[in-house]
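Engineer: here's my sequence, what's the structure:
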Amino acid sequence: MSTLTVYTGAQSSTPIDRQSSGSMVLLGPARRFAAAASGWKFVAPLPVRFQREEDGTLFAVDQYFGNYGQGRTWDEAIEDLAVVLIEYYALMEAAPGAPSRSVFEDLRAYLQPVA
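Structural biologist: Numbers count the residues shown, from 1 in each chain. Below you'll find the model as predicted:
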């Protein structure tokens, strides 16, 4: 059975390095990013599932948009996911058409640049 934890960084109720493959966390608004993703914030909790491959690669997979980040640690996977989501945000913001606009508005409900 998966556990559900609100992960906000240092204030996490369960340290990220103690998460197991298959567990799920909510990346909350208090989560702070490293330099690669600074200037962005979560404005609503985003569900993320952790997965460990047989070769030891760790993945953080967002459960709403289907993006993922990978790393040697869970924190690295989360940071990589944040960078991927920011890139996805830019693509959806610039893409023409109603489907892209709809995805962009959904994404903005979770992730926004810091003003």
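Engineer: CA atoms for contacts and neighbours, from now on please.
Structural biologist: Fine.
Engineer: so what pairs up with Leu58 in the strands?
Structural biologist: Arg52, Gly71 (DSSP bridges).
Engineer: which helix runs longest in the chain?
Structural biologist: Longest helix in the chain, counting residues (DSSP state H): helix 74-94.
Engineer: in that helix, what's buried?
Structural biologist: 74-86, 88-89, 92-93 (16 or more other Cα atoms under 10 Å).
Engineer: any weak-confidence spans in the protein?
Structural biologist: Scanning the chain for pLDDT under 70 picks out 1-23, 28-37.
Engineer: now the residue located most distally from the centre of it: how far from Tyr110?
Structural biologist: If you look at how far each residue of the chain sits from its centre, by Cα atoms, centre = their mean, the farthest one is Gly97, at 25.2 Å. According to Cα to Cα, to the nearest Å, Gly97 stands 21 Å off from Tyr110.
Engineer: check Leu27 too.
Structural biologist: Leu27 sits at a distance of 9 Å from Tyr110 (criterion: Cα to Cα).
Engineer: now Val48
Structural biologist: 12 Å.
Engineer: so these two - more neighbours on which side?
Structural biologist: Taking neighbours as other Cα atoms under 10 Å, Val48 and Tyr110 compare with Val48 leading, 26 against 17.
Engineer: bridging residues for the more buried one?
Structural biologist: Beta-bridge partners of Val48, as defined by DSSP bridges: Val25, Asp62.
Engineer: which neighbours do Leu27 and Tyr110 have in common?
Structural biologist: Listed as contacting both Leu27 and Tyr110 by Cα atoms under 8 Å, 6 or more residues apart in numbering are Phe42, Pro45, Leu46.
Engineer: out of the residues you listed, which is most surrounded?
Structural biologist: Phe42 (23 neighbours).
Engineer: how much space between it and Thr57?
Structural biologist: Counting by Cα to Cα, the gap from Phe42 to Thr57 is 25 Å.
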